[in-house]
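**Student:** give me a 3D structure for the following:
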Amino acid sequence: MIKNNKIRINSDLGEGTGVEKDIMPFLSSCSIACGGHTGDKSTMTDTILIAKKYGVNIGAHPSYPDKENFGRKNISIPHSDLTNSLINQIDDLDRIARSLETSLEHIKLHGALYNFSANDLGTALIIIELMKSKYSNKILYVPYGSLISKLAIENNIKIYYEVFLDRNYNNDLSLVSRGNNNSMILDHQKMLKRLENVINDNKIQTIDGNYKKISADTFCIHGDSPKIISLIKNLFSNINKIKLDS
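**Tutor:** Okay, here's the model as predicted:
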């Protein structure tokens, strides 16, 4: 098992890329697609079993119910329908997990829903109410400084601030759109530098070269990132080279 006890790395898995067996040994946790944007009983089961093998914590990765756009486009949906869809997605994964004698540690929204709920009050409140009423014992992964993170803290919901190692940030700490050629980071040295900056100095370099305050409890590398296997292997081969403050 290849881990770093000081650094939590997570990835979004069960999305059809087939990388689970290769990257799971490097992860502390994974968020598993549970039917909203992709994923079915077979992929959920397979991913959970691989995670169990390597001692990786599992969480639900629900999204807008929108397979056509892979959950990466905001859609108009009544609040009640969104709530019911999220419950169905999370509970489907939870039932499979319990049947395999494990349990969900966290919930991390996917794609457009993750980004939109971060600072849209109405959508954020849906997630907060859902966490309070149904999943109060789970950790919610949220962006640092977001509205949803502040609401979660106010409502005594446990959160992990998440920073993406393979995505560029705008000056407002939103993610650079995937439609931009510079949206992705595909250089493990840049990922290492980001780790060092965030962990030691609580800062992150934006796409414009500015440094902004940020904090992280967990770092994400997307399972569908180009070159994900070589990136994560190179990252961990060199992670001992970065200087981490105690």
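
**Student:** at which residues are the strands of this structure located?
**Tutor:** Using DSSP state E, the strands of the chain run over residues 9-13, 29-33, 57-61, 104-107, 139-143, 159-164, 203-205, 211-213, 218-220.

**Student:** what lies in contact with the helix ranked longest in the chain?
**Tutor:** Ranked by residue count, the top helix of the chain under DSSP state H comes out as helix 79-99. Judged by CB atoms under 8 Å, 6 or more residues apart in numbering, the contacts made with helix 79-99 from elsewhere in the structure are 32, 34-36, 41, 44-45, 48, 58, 60, 62-65, 77, 103-104, 107, 122-123, 126-127, 129-130, 134-135. Where C-beta positions appear, they are placed from N, C-alpha and C, glycine not excepted.

**Student:** mind doing that once more with 6 Å?
**Tutor:** Helix 79-99 has contacts (CB atoms under 6 Å, 6 or more residues apart in numbering) with 32, 34-36, 44-45, 48, 60, 62, 65, 103-104, 126.

**Student:** send me it as PDB with only the CA atoms.
**Tutor:** Written as PDB, here are the backbone C-alpha positions of helix 79-99 (Å, rounded to 0.1, in the frame of the first residue of the first chain):
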ATOM      1  CA  HIS A  79     -35.800  21.300  -5.600                       C
ATOM      2  CA  SER A  80     -37.900  18.400  -4.500                       C
ATOM      3  CA  ASP A  81     -36.800  16.400  -7.500                       C
ATOM      4  CA  LEU A  82     -33.200  17.200  -6.900                       C
ATOM      5  CA  THR A  83     -33.500  16.200  -3.300                       C
ATOM      6  CA  ASN A  84     -35.100  12.900  -4.100                       C
ATOM      7  CA  SER A  85     -32.600  12.100  -6.800                       C
ATOM      8  CA  LEU A  86     -29.700  12.800  -4.400                       C
ATOM      9  CA  ILE A  87     -31.200  10.600  -1.700                       C
ATOM     10  CA  ASN A  88     -31.800   7.700  -4.200                       C
ATOM     11  CA  GLN A  89     -28.200   8.000  -5.500                       C
ATOM     12  CA  ILE A  90     -26.600   8.100  -2.000                       C
ATOM     13  CA  ASP A  91     -28.800   5.400  -0.600                       C
ATOM     14  CA  ASP A  92     -28.200   3.100  -3.600                       C
ATOM     15  CA  LEU A  93     -24.400   3.200  -2.900                       C
ATOM     16  CA  ASP A  94     -24.900   3.000   0.800                       C
ATOM     17  CA  ARG A  95     -27.000  -0.300   0.500                       C
ATOM     18  CA  ILE A  96     -24.300  -1.800  -1.600                       C
ATOM     19  CA  ALA A  97     -21.600  -0.700   0.800                       C
ATOM     20  CA  ARG A  98     -23.400  -2.200   3.800                       C
ATOM     21  CA  SER A  99     -24.000  -5.500   1.900                       C
END
